[in-house]
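1. Structural data only, the sequence is not supplied:
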Ligand SMILES: Cc1ncc(C[n+]2csc(CCOP(=O)(O)OP(=O)(O)O)c2C)c(N)n1
C-alpha cells in the first residue's frame, strides 16, 4: 500500500480501513486483468452512479505533476535519435545566428532566440514524424517567435538561401524573411499568421471544424490534421481559451495543441506563484480535452523507478513555477541543494549522481522519445481534441545569456563564451573561428543529416510550411438569374439588408456556386430576416438534430442537420469571424474555394474583432463581410453600444479589403455580383465589406450604365439646374437626405445641385491616392485626373456626408480643389428616432441646406442674411453643444 493511500486511510475515520483496502485491491485486480482502459471504464461507470446518488466528491482538477504516458506505454522511438539531435543542434545554431547577424547588420530589427530554443524538439518531432506535407498537407500553426527555427530548417532543406537568411527582418526591398508567420509577405511559405497572440489558437480550432464541415457536407474528404504550437503565456489570451469547449462539442479529433510550457512569457514567469501546467490541465480537462503532460525527460525515469514513495511527486507539487525557473537557470549543484536537498529522503534518491548528471536531467519537452509518444497518442485519440503540455526551458542551451533567465525573451545575442558553450552543449562540429564569425552551418547535401531530413519529409508528403494550391475558378450566374428585383424599383419599401439576404438566398439556389456559399451568423439570423435559411439550407451540426424543434409545425422551423450549410456560431463574433476565415481561405488551404458570407451587427465587427480581421487580411481571404444594422442613425433605437459610426473608417485601413456603403438595392446587387465574380471566378485576392441598413425605403429604378461607377465608388445620381450650384455627396441611407436637401435648395433658394451617390469613399480615395502618387513620382507635365476629380468636374462647393464620422467623407477631401464641407456622426450614439438622430448629429436634409448656404456665403455667392434667416426658420440653436462633445 502506498504512503499516499495510507495517509488517506488515516484521515478518513468514518470508514473501516479494510473496506477501503478491499476496494483498492479490486481496482488493482481489474488493472491486472483488463488493463488501464478496463479500469477506466469501471471508474467512469462508478462516477456516473455516484452522480446519480448525489454523492458529492471533488476530484482534483489535475493529475500529479508527472508524465501522462508512463515509461511502459511509451513505445519505441521510430526515428534515428542521433541524427535528429544533430539536426536540431544545427537548426538551433542557425536560428540564433540569423537573429545575431540581422542585428549586427541592421541594428534595430530585433528578433528572438529564446522561444525557438525552447521548442526546437517539439517542432522536430512534428517535422520528422507527424506534420504531413504535399497535396494533403496538415495545417500547422507555428509559435510566431520561433519562426527562426522554421526558416533554419527550410535553409537545410534547400528551400531558403543563405542570402534570404541574411535578410531576416529586412523585407522592404523584397526577398527578406518576415519576422513572424505572415502569408501576405511570404505567400509561398506561411499559411497562418500567429504573431498576434491568441489568434492562432482560436483560428486553428475553427480550421479543424471547417474540415469537418466540408466532410459532413460531402464536399471534400481529407485526413488533414490541424496542429498548433502555442506559448503557455499566450494561453492567457481570451481568444486562446474562448473556443476550447467548442472544440470538444464539435468532436475535433483532427486537432492537436502543443503548448510550449517554458513557464515564462515576456516579462517574467507565466505563473510565478503557481503552476501553469497544472492550471492549463484543469482548464483543458474542464473543457473536455484529452490532456497529455510531457514534463520529464528520460533521464528522470530511473529516479521515478526508485522513488517508491512518490517523494519526487511531492517535491514537484511543492515547487512553484518561479522556483522552477530559478532552478532552470542554475547549475546542478544549486539544484541539488535547493530542490533535491530540501527533503533528505529525496536527496537519498540522487546520492550517487554528480552535479553534471543532475544538470543533464532534462525537461520532457526536450526529449524526442517522450514527445513522440505524446504526438502519437494524440493522433490516435478519437472523438476529442488533444493538448500536449510540454514542459521546456526558455532559452534552452543559451547558458548565462538566456537559459531560464528573466530577460530571456528579449535576448538577441550571446557573447563569445556563451556561443562556445552553446556549440559544446550541442556538439556542433564548428571551430572557434566559425563561431566567432557567426557562420551559418549547412552540412553537405550528401551528409546523413540532410539526407535524413529530406527522406523524412519525403515520407510525410513534402516540405512544410508551404502555401501552395491550385487555383479553381467557380462560375457566378448573371444577375439576371437571381437579382432582377434589385434593378426594377418598386412601390414596396425595402432595406439594403433585405436586398442582400435576398441575393444570398438566390445565389444559394444556383447549382454551381450555391453549395460553395457558407452563410455565417452569430445568433442574429432572425434580426437580419434570414430565418428562411434554416429550412432552405439547414444549420450545420455534426450530430444532426436530436430533438423535435418547438416550431416543427411552421414552415421556417429551426432545422439542424449534419450536412447543414448555415454556420450558426452563437453569440460569438470572434468565433464567427474565425469560421469565416477558415472558409475564406479554403481556396488556398484546400484548393477548394468556398465563398463565406458572414453577416453581423456592424458595430460588433471591426470594432470588436478588428485584429482578427487584420489577421484575416494577412491570409488573403476571399469572402463577404456584411456589416448589418449599420450606421449611427440608421439603427435608431439601440443606442451607444450598437450604433456604428466607425467601421467604414477602420475598414478603409485594410489594404486588400474593398468596402462599400450602398444606398439602393441595385447598388448592393452590383457590388455583390462584382465581388463574387472577382473572388470566385477571377480568383482575385481581395475581400469585401458591405454595410447594409435596416431602414426601409422605396428604391427608384436603377440608374442606367452606372455599374462600373458603383464599383469605383460613386456616380452622379441626379442634377437640378440653377445659376448657383452645389455638389451634394452622400453614402448609404444618408444619400436620401442629400436628395431631399437638393429639392429644398431648388424649390426655396433656386440653388441647383449635383447629387452623387457615393458607394465607397474608401475606393474613391484609394484610386485618387494612386493617381496622385503616380503624378508625383513620374513628374509628368500634365497631371492625370483621378476618378473623383473627373466625376466632380466643376468648382462648386462640396458638401459630403454619411452615417459615419466625418473622417469617412474626408477620405476624399484632399484630392478635390473644391471648398469641401464634411458632415458626419462624430460622437456617441444614443436611442431615438432616425429623424431625431439625424437632426441631432446634424446630417439631415436641413443641416445639409445650412451647410450649403454657409459654403455659398463663403464664396460670396449668397448673402449671409439668407443663412441667418434659414437658421431661424429651421429653429437651429446655434448655442447648443456639438453632438460629439455631449
Ligand atoms: C496580442 C499580443 N500581445 C502581446 C504580444 C507581444 N508578445 C510577443 S511574445 C510575448 C510573450 C510570449 O510568451 P509565451 O506565449 O509564453 O511564449 P514563449 O516565447 O515564452 O515561448 C508577448 C507578450 C503579441 N505578440 N501579441
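-> Good, I have the coordinates. Given the structure is predicted, the values throughout are model-derived calculations rather than measurements. Residues are numbered from 1 along each chain as shown.

2. Which residues of the chain lie near the ligand?
-> With C-beta under 6 Å from any ligand atom as the criterion, the chain comes near the ligand at residues 115, 118, 145, 195-198, 231-234, 260, 262, 264-266, 270, 394, 409. Every C-beta, even on glycine, is put in place using the N, C-alpha and C of the backbone.

3. Take those and keep only those in helices.
-> Within the residues of the chain next to the ligand, residues falling in helices by DSSP state H are 115, 118.

4. At the geometric centre of this protein, which residue do we find?
-> residue 199 (3.6 Å; C-alpha atoms, centre = their mean).

5. distance of the spatially closest residue to that one that is not a sequence neighbour from the ligand?
-> The shortest distance from residue 199 to any residue other than its chain neighbours is 4.9 Å, reached at residue 615 (C-beta to C-beta, 6 or more residues apart in numbering). Taking C-beta to the nearest ligand atom, to the nearest Å as the measure, residue 615 and the ligand are separated by 10 Å.

6. Quick one: residues contacting the closest residue to residue 279 other than its chain neighbours.
-> Nearest residue to residue 279, sequence neighbours excluded (C-beta to C-beta, 6+ apart): residue 271, at 6.4 Å. Neighbouring residues of residue 271 by C-beta atoms under 8 Å, 6 or more residues apart in numbering: 263, 279, 320, 321.

7. picking that back up, tell me which element the residue nearest to residue 199 is part of?
-> With the criterion set as DSSP states H and E, the secondary-structure element containing residue 615 is helix 606-618.

8. Sheet-wise, list the partners of the next helix or strand after that helix with their directions.
-> Toward the C-terminus, helix 606-618 is succeeded by strand 624-628 as the next helix or strand (DSSP H and E). Partner strands and pairing direction for strand 624-628 (DSSP bridges) are strand 595-601 (parallel), strand 687-691 (parallel).

9. can you put those in CSV and add mean pLDDT?
-> Converted to CSV, the strands paired with strand 624-628 look like this (pLDDT from 0 to 100):
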stretch, mean pLDDT
strand 595-601, 98
strand 687-691, 98
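
10. Local confidence estimate at the residue of the stretch 1-150 of the chain found nearest the ligand?
-> Shortest the stretch 1-150 of the chain-to-the ligand distance, computed as C-beta to the nearest ligand atom: residue-wise this is residue 115, at 3.5 Å. Residue 115 is assigned a predicted lDDT (pLDDT) of 95.

11. so where's the stretch 151-300 of the chain shaky on pLDDT?
-> Low-confidence segments of the stretch 151-300 of the chain, defined by pLDDT under 70: none present.

12. Identify the residue of it closest to the ligand, quick one.
-> When you check the stretch 151-300 of the chain against the ligand by C-beta to the nearest ligand atom, the closest residue turns out to be residue 231, at 2.0 Å.

13. Let me see the contact set for that residue.
-> Applying C-beta under 8 Å, 6+ apart, we find residue 231 in contact with 115, 143, 145, 197, 259, 260, 262, 265.

14. Dig out what it forms beta bridges with.
-> Assigned bridge partners for residue 231, using DSSP bridges, are residue 260.

15. how close does it get to residue 394?
-> Distance, residue 231 to residue 394, using C-beta to C-beta, to the nearest Å: 10 Å.

16. what's the answer for residue 502, then?
-> For residue 502, the distance to residue 394 equals 55 Å [C-beta to C-beta].

17. low-confidence ranges in the chain?
-> Low-confidence segments of the chain (pLDDT under 70): 1, 3-4, 886.

18. if you set the cut-off to 80 instead, what comes out?
-> Segments of the chain classed as low confidence (criterion: pLDDT under 80) are 1-13, 56-59, 878-881, 883-886.

19. Give me the longest helix you can find in it.
-> The residue-count maximum for a helix in the chain (DSSP H) belongs to helix 17-52.

20. Ramachandran angles for the residue lying closest to residue 742 once chain neighbours are set aside?
-> With sequence-adjacent residues excluded and distances taken as C-beta to C-beta, 6+ apart, residue 742 is closest to residue 753, at 3.9 Å. Residue 753 has phi and psi values of phi -130, psi 150 when expressed as degrees, to the nearest 10.

21. does residue 753 really touch residue 725, like I thought?
-> Yes: counting by C-beta atoms under 8 Å, residue 753 sits close enough to residue 725 to count as a contact (6.7 Å).

22. Of these two, give the one with the bigger neighbour count.
-> residue 753 (27 against 20; other C-beta atoms under 10 Å).

23. just to revisit the earlier point, what residues does the residue nearest to residue 742 make contact with?
-> If a contact means C-beta under 8 Å, 6+ apart, then residue 753 has 718-720, 722, 725-728, 738, 741-742, 745-746, 852 as its contacts.

24. Recalculate using a threshold of 10 Å.
-> Under the criterion of C-beta atoms under 10 Å, 6 or more residues apart in numbering, the contact list for residue 753 reads 718-722, 724-728, 738-739, 741-746, 796, 799, 848, 852.

25. coming back round to it: so which of residue 502 and residue 394 has more stuff around it?
-> Counting neighbours by other C-beta under 10 Å for residue 502 and for residue 394 shows that residue 394 has the greater number, 32 against 21.

26. so who does that one touch?
-> If you count contacts by C-beta under 10 Å, 6+ apart, then residue 394 has 113-115, 117-119, 231-233, 260-265, 269, 325, 328-329, 402-406, 408-409, 411 around it.

27. what's the answer for residue 358, then?
-> If you count contacts by C-beta under 10 Å, 6+ apart, residue 358 has them with 299, 331, 332, 333, 334, 335, 336, 339, 340, 350.

28. distance of the residue nearest to residue 502 when sequence neighbours are not counted from residue 211?
-> With sequence-adjacent residues excluded and distances taken as C-beta to C-beta, 6+ apart, residue 502 is closest to residue 485, at 6.8 Å. Relative to residue 211, residue 485 is positioned 37 Å away (criterion: C-beta to C-beta).

29. which of the two has more neighbours?
-> A count of neighbours by other C-beta under 10 Å puts residue 211 above the other of residue 485 and residue 211, at 25 against 19.

30. was I right about that one contacting residue 205?
-> No: under the criterion of C-beta atoms under 10 Å, residue 211 makes no contact with residue 205, lying 11.1 Å away.

31. Find residues that contact each of those two.
-> Taking C-beta under 10 Å, 6+ apart as the contact criterion, the common neighbours of residue 211 and residue 205 are 226, 252, 255, 582.

32. Restricted to helices, list those.
-> residue 582.

33. most surrounded residue in the shared contacts of residue 211 and residue 205?
-> By neighbour count, taken as other C-beta under 10 Å, the most surrounded of the shared contacts of residue 211 and residue 205 turns out to be residue 582 (31 neighbours).

34. which ones are touching that one?
-> For residue 582, the contacting residues are 139, 203-211, 213-214, 226, 518, 520, 567, 589-590, 594, 596, 619, 621, by C-beta under 10 Å, 6+ apart.
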